[in-house]
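A.B. asks: here's my sequence, what's the structure:
(2 chains)
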Amino acid sequence: MRLATWNVNSIKARLDAVLAWIDEAAPDVLALQEIKCVGDSFPELEFKSRGYHTLVAGQKSYNGVALLSRHPFKDPVIGLDGDPSDEQARYVEATVEGVRVASIYLPNGNPIGTEKFNYKMSWMDRLQARAKILLENGMPTALMGDFNVIPEPEDCYNPSAWRNDALFQAETRAKFRALCWLGFYDAYRSVRPRAPSAFTFWDYQGGAWQKDHGIRIDHILLSATALDRLSDVDIDRRPRGQPKASDHTPIWCEISDTSPAPRL
DNA sequence: ATGGCCGTTTTGAACGGA
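C.D. replies: Down below sits the predicted model:
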């Protein structure tokens, strides 16, 4: 089963690019972020005609996440527990073929020292609480999306340029690591621990793409039971180089039906 | 100094992104 995630920065502006990518990459599940539309405006029919079910947590103008799947969804959950007053559409979760999958758009949190950063921190605490429940449920699980976290200095072109950014704060990175200590594994680094320039985002400004001044902030976190079935993972940089691209590019992984044989 | 963006919204300056 192939799982993928992509912050598309408006599904309306990116529809042709997303359709072209799923035709080529053929993911079984694609988690989308920043669809920037309400559920009624989501191009459900275009995906349905390609054999995909859709599950949408929409919001007008900002945020918005969705899941596409070739197989039916079971037990969908829209929204993240822990703050009933939170109206931002940043979380959707469901079971596909016995795997629990989530599409996550974690708050940006800039500038630091403001209510936006506090919101990011409390959102990460809520995600931690949800992740704990998912592990206790015991199903193989993939948390996929735009985490807005640069985990390590190697995950950005110039760490000093990000020192005062919410994406690279010690507190932000510590909460991301807490998810890992809980039992969620960074799929990309599990397979490619020292791959350089493993970026998923390049700013529109300053020729960042042309200079490869990127950051790795889109992640697939796998429970141990899902990691045990991981056979491949990669970042597909090609969509970022297309005209009218999103500032993010997709990352995907392959989960085998059974665990790969031990290499002894 | 070593850059210049993009998508959204009661269409045009403001906001959010990272």
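A.B. asks: what's the burial count for the nearest residue to residue A:153 once chain neighbours are set aside?
C.D. replies: In this structure, residue A:153 finds its nearest non-sequential neighbour in residue A:159, 4.1 Å apart by Cβ to Cβ, 6 or more residues apart in numbering. The C-beta positions use only the backbone N, C-alpha and C, and glycine is treated the same way. Residue neighbour count, defined by other Cβ atoms under 10 Å, stands at 14 for residue A:159.
A.B. asks: can I assume residue A:159 is in contact with residue A:168?
C.D. replies: Yes: the pair residue A:159 and residue A:168 qualifies as a contact (Cβ atoms under 8 Å) at a distance of 7.1 Å.
A.B. asks: report all helices and strands that the helix or strand residue A:143 falls within contacts.
C.D. replies: Secondary structure assignment for residue A:143, by DSSP states H and E: strand A:141-146. Secondary-structure packing of strand A:141-146 (3 or more Cβ pairs under 8 Å, 6 or more residues apart in numbering; DSSP states H and E): strand A:2-7, strand A:29-33, strand A:99-105, helix A:115-137, strand A:218-223, helix A:224-227.
A.B. asks: could you give the angle of it to strand A:99-105?
C.D. replies: 20 degrees (axes from the mean of the first three to the mean of the last three Cα atoms, to 10 degrees).
A.B. asks: gap between strand A:141-146 and the chain center?
C.D. replies: Averaging C-alpha positions (Cα atoms, centre = their mean, to the nearest Å) puts strand A:141-146 5 Å from its chain's average.
A.B. asks: for stretch A:65-85, the averaged confidence score.
C.D. replies: Across stretch A:65-85, the average pLDDT comes to 97.
A.B. asks: for that stretch, list every residue counted as buried.
C.D. replies: The neighbour-count check on stretch A:65-85 (16 or more other Cβ atoms under 10 Å) flags A:65, A:66, A:67, A:68, A:69, A:70, A:71, A:73, A:77, A:79, A:80 as buried.
A.B. asks: TSV please, covering the residues you listed and showing secondary structure and distance to residue A:186.
C.D. replies: Formatted as TSV, those follow (DSSP: H, G, I helix; E, B strand; the rest coil; distance: Cβ to Cβ, whole Å):
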residue	secondary structure	distance to residue A:186
A:65	strand	20
A:66	strand	23
A:67	strand	21
A:68	strand	23
A:69	strand	23
A:70	coil	25
A:71	coil	25
A:73	coil	25
A:77	strand	23
A:79	coil	25
A:80	coil	20
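A.B. asks: let's have these in JSON lines, adding distance to DNA strand B.
C.D. replies: Output for the buried residues of stretch A:65-85, formatted as JSON lines (distance: Cβ to the nearest atom of the strand, whole Å):
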{"residue": "A:65", "distance to DNA strand B": "12"}
{"residue": "A:66", "distance to DNA strand B": "14"}
{"residue": "A:67", "distance to DNA strand B": "18"}
{"residue": "A:68", "distance to DNA strand B": "18"}
{"residue": "A:69", "distance to DNA strand B": "23"}
{"residue": "A:70", "distance to DNA strand B": "26"}
{"residue": "A:71", "distance to DNA strand B": "28"}
{"residue": "A:73", "distance to DNA strand B": "25"}
{"residue": "A:77", "distance to DNA strand B": "22"}
{"residue": "A:79", "distance to DNA strand B": "17"}
{"residue": "A:80", "distance to DNA strand B": "15"}
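A.B. asks: which two of the residues you listed have the greatest separation?
C.D. replies: Across the buried residues of stretch A:65-85, the longest distance by Cβ to Cβ is 25.4 Å; it joins A:70 and A:80.
A.B. asks: residues contacting the residue of the stretch 1-150 of chain A found nearest DNA strand B?
C.D. replies: Closest contact between the stretch 1-150 of chain A and DNA strand B, by Cβ to the nearest atom of the strand, is at residue A:10 (3.3 Å). Counting by Cβ atoms under 8 Å, 6 or more residues apart in numbering, residue A:10 touches A:34, A:35, A:36, A:37.
A.B. asks: thank you kindly, that will do.
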